[in-house]
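A.B. asks: Okay, predicted coordinates and the sequence, questions at the end:
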Amino acid sequence: MDHLVDDSERRLAQHIRAEREARNWSLADLAERSDVSKAAISKIERGEVSPTAGVLVRLAEAFGLTLAGLLVRAEGDEKRLQRAGEEAWWTDPETGYRRRQAFARSWHPVEIVDVELPPGGRVVLPASSYARIRQVVRVVEGHLRLHEGGDLFDLGPGDCLGFGAPGEVIFSNETDRSCFYCVALTRS
């Protein structure tokens, strides 16, 4: 984990703390619910480190939110129209995986996320992150290898995949070019 460097990550750190405090949870309570150590949560809340995608998913799940829901609440903007270029990119400091919320509002059931997975990139998301959502991924550019439970899918430009029952998912880019894909999801 690296030092936080931009305003959106500072707001994310503050929001994680606000979500925890709004529930009257101690660091230990959140650590137990998320399976993230107290020390790591404390460093995240103080803005000393940038959490990985896996850590953010576990924290969001503990709060009863999707990752997109946690990120959009941290941004604090619930307007209906989101213009191209207004979205902030978040980068996983461990993998270089980048994502931005193309559309996510607490009052709307659909979320759209744009993702860039760098060459050689690999992101593992736990089954718990899919427990309350239904999701479709569409590759825009490049090639994506996706392991979902015991199934393996190789996706190219234009390919779409609807996710099955909740299970661990591994997104990987085994090429020498970035892969860009879009995720659409609904909360169930």
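C.D. replies: Perfect, thanks for sending it.

A.B. asks: From now on I want contacts and neighbour counts done on CA atoms only, so please keep to that.
C.D. replies: Will do.

A.B. asks: could you pull out the strands for this protein?
C.D. replies: With DSSP state E, the ranges of strands along the chain come out as 89-91, 98-103, 110-117, 122-125, 133-141, 144-148, 151-155, 160-162, 169-172, 179-187.

A.B. asks: And the pLDDT for the residue positioned nearest the centre of the chain?
C.D. replies: In the chain, the C-alpha nearest the mean C-alpha coordinate belongs to residue 67, at 4.3 Å (C-alpha atoms, centre = their mean). Turning to residue 67, the model gives it a pLDDT of 78.

A.B. asks: Would you mind putting the CA coordinates of the lowest-mean-pLDDT helix or strand in the chain into CSV?
C.D. replies: The helix or strand of the chain with the lowest confidence, counting by mean pLDDT, DSSP states H and E, is helix 67-75 at a mean of 74. C-alpha atoms of helix 67-75 as CSV (Å, rounded to 0.1, in the frame of the first residue of the first chain):
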residue,chain,number,x,y,z
LEU,A,67,-17.7,-1.1,-4.1
ALA,A,68,-19.2,1.3,-6.5
GLY,A,69,-21.7,2.5,-3.8
LEU,A,70,-18.8,3.1,-1.3
LEU,A,71,-16.8,5.0,-3.9
VAL,A,72,-19.7,7.2,-5.1
ARG,A,73,-20.7,8.0,-1.6
ALA,A,74,-17.2,9.1,-0.9
GLU,A,75,-17.4,11.4,-4.0
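
A.B. asks: Make 242 the starting number, not 1.
C.D. replies: Got it, first residue is 242 now, which makes that one helix 308-316.

A.B. asks: now that helix, how far from the centre of its chain.
C.D. replies: Distance of helix 308-316 from the chain centroid (C-alpha atoms, centre = their mean, to the nearest Å) equals 9 Å.

A.B. asks: who touches it?
C.D. replies: For helix 308-316, contacts defined as C-alpha atoms under 8 Å, 6 or more residues apart in numbering pick out 249, 252-253, 255-257, 297-298, 301-302, 342, 345-347, 352, 354, 370.

A.B. asks: quick one, it and strand 339-344 angle?
C.D. replies: Between helix 308-316 and strand 339-344, the angle comes out at 80 degrees (axes from the mean of the first three to the mean of the last three C-alpha atoms, to 10 degrees).
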